[in-house]
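Asker: Need the 3D shape of this:
(chains A, B, C and D)
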There are 2 protein chains.
Amino acid sequence: MTVRPSASHNLMIRKLESIVSLSDEEKQALRGLPIQVTSLKTDSDIVRVGDRPSHSFLLVAGFTCVYKLTAEGKRQIVAFHVPGDMPDLHSLHLKVMDTSMATVTPCTIGFIQHEALIQICDRYPRISAAFWRETLVDASIFREWMTGIGRREAYNRMAHLLCEFQVRLSAVGLAEDDTFDLPITQTELADAIGASNVHVNRILQELRANGLIRTSGTQVNVPDWQKLKEAGDFDPLYLHLRQD
Amino acid sequence: MTVRPSASHNLMIRKLESIVSLSDEEKQALRGLPIQVTSLKTDSDIVRVGDRPSHSFLLVAGFTCVYKLTAEGKRQIVAFHVPGDMPDLHSLHLKVMDTSMATVTPCTIGFIQHEALIQICDRYPRISAAFWRETLVDASIFREWMTGIGRREAYNRMAHLLCEFQVRLSAVGLAEDDTFDLPITQTELADAIGASNVHVNRILQELRANGLIRTSGTQVNVPDWQKLKEAGDFDPLYLHLRQD
DNA sequence: CGGATCGTTGAGTTGTATCAAGACGGGTGG
DNA sequence: CCACCCGTCTTGATACAACTCAACGATCCG
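Answerer: Residues are numbered from 1 along each chain as shown, chains lettered A, B, ... in the order given. You can find the predicted model right below:
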């Protein structure tokens, strides 16, 4: 179905307004964007390597990941995305997908035609800049993860990833104080930090034993935020959030 | 000095034209960009973490790298750049640098004020798109490197990096057939692939012993391109080159 | 109440780091 | 033009982070 001014539009506008201030005309243009909303279950591919998508998508609810596979069949998750993100905006200018994207939880996503996005970008440079900026923040996160995988130990990378989730989920109102929901399997966490699932399991035990986190089900509680940040060598600068 | 229509302008225009076709008006606008050309010697920082630069730069000659330091003082190089690249275009929209950039050889670079770039981007959406695309290709390379560091062994990462240099240098006319100049120390290569300098040294010996590369000084020769590509699990898709 | 998925544990293996010392090589000053 | 020096490359020995394999326990769901 094609929804007119919907929750999806509001989510996108709120996100963009945290980056640039929008004029009424610009908001109106965004509200006019046709968004096709769909539900997907866990572990569904949204786009695949080699695809030439004609639309991008807005993640409305749930978590998705971006991943690559090596010739040996190993998987590296290079990014997670949370509600409000537009994970494949880059396909606007890079025609062929160099990664795949998949849901890691049940998701609601809204597809938006490239054609419509390009028109808005050509007409409203500020909106174009805001979209551009989103892709730049993604790239900044890549740099930070790469540094972790290349130069930090798995224990620290795990702590770092948890810090990042806390901050990013807070920014979209999905984290309460020191607790958040992380419905991601240990194998997926392993693929993200470049470790084995077995090792991730032991690292999580170590983090619990050291009192850095407490878990129950998919809930993660951080009793001592400061200690976790230190363990993760975490400085939120790279997330380029507004109020900082 | 501020040069008018110079070699720097031509380099930038040629690069952009490999991405989009430019109208005469657009080329004229680009030729009008003030570019301040400077020479830097090896190991000079160009920008540093925390800086708020008011300009971006075009790499005219030499190699530069983008790097981060961990709390423990370890360095991860997250990117190399070659002539024709504009490595810190992202600072147009992300005000605070989250990485540092430095020369790895003597370099010629041309600084361009953000203000001038923003004006051109607002006025010429196609140029804006071309710049945006450059930052997207950088991000794509991050994804590929991350996958290597997280999921491939050091031997394969080294082969992969050599493949990438060959392709990127060819694209700007800096590689002859199967030979190119790689004036980068083993310690820098190590920081790029997330390994120790000692290990890189042994890997290079192994690559030589296996007949995948031959070296003399900073020259690298690739006798069997196909074998090196296989060793590196290298598929140039992620570089998003035009003719492909 | 099976069956599938996910988490946990143990044992053995290996890729890669670290440390230390020596060899090489190219530039600089005497 | 030689001698020195500093950065880079090379080599060996040792240590450990992390992987693989394999099995078992815990959950959740239909």
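Asker: Show me the shaky parts of chain A.
Answerer: Low-confidence segments of chain A (pLDDT under 70): A:1-5, A:243-244.
Asker: Next one: the residue most central in space within it from residue A:160, what distance?
Answerer: Geometric centre of chain A, nearest residue: residue A:81, 1.7 Å, by Cα atoms, centre = their mean. For residue A:81, the distance to residue A:160 equals 17 Å [Cβ to Cβ, to the nearest Å]. Any C-beta I mention is one placed from the backbone N, CA and C, and that applies to glycine too.
Asker: Ok, residue A:29 next?
Answerer: For residue A:29 relative to residue A:160 (Cβ to Cβ), the value is 38 Å.
Asker: Who has more neighbours out of the two?
Answerer: residue A:160 (23 against 17; other Cβ atoms under 10 Å in any protein chain shown).
Asker: Tell me if the more buried one really is in a strand.
Answerer: No - read with DSSP: H, G, I helix; E, B strand; the rest coil, residue A:160 is helix and lies in no strand.
Asker: Identify the residues contacting it.
Answerer: By Cβ atoms under 8 Å, 6 or more residues apart in numbering or on different chains, the contact list for residue A:160 reads A:144, A:148, A:152, A:232-234.
Asker: one more time with 6 Å, if that's ok
Answerer: A:148, A:232, A:234 (Cβ atoms under 6 Å, 6 or more residues apart in numbering or on different chains).
Asker: Ok, residue A:111 next?
Answerer: So residue A:111 contacts A:36, A:55, A:57 (Cβ under 6 Å, 6+ apart).
Asker: Once you drop chain neighbours, what's closest to the second one?
Answerer: Read it as residue A:55. Once flanking residues are discounted, residue A:55 sits nearest to residue A:111: 4.6 Å by Cβ to Cβ, 6 or more residues apart in numbering or on different chains.
Asker: ok, and does the stretch of helix or strand that neighbour belongs to reach over to DNA strand C?
Answerer: In the assignment (DSSP states H and E), residue A:111 maps to strand A:107-113. No - judged by Cβ under 7 Å from any atom of the strand, strand A:107-113 stays clear of DNA strand C, getting no closer than 14.9 Å.
Asker: circling back: by neighbours, which of the contacts of residue A:111 wins?
Answerer: Counting by other Cβ under 10 Å, top hit in the contacts of residue A:111: residue A:57 with 26 neighbours.
Asker: that's a strand at that one, yeah?
Answerer: Yes - counting by three-state DSSP, residue A:57 falls inside a strand.
Asker: Confirm for me that it is in contact with residue A:109.
Answerer: Yes - the pair residue A:57 and residue A:109 qualifies as a contact (Cβ atoms under 6 Å) at a distance of 4.8 Å.
Asker: related to what we said a few turns ago, give the next helix or strand downstream of the strand holding residue A:111.
Answerer: Following strand A:107-113 in sequence order, the next helix or strand is helix A:114-123 (DSSP H and E).
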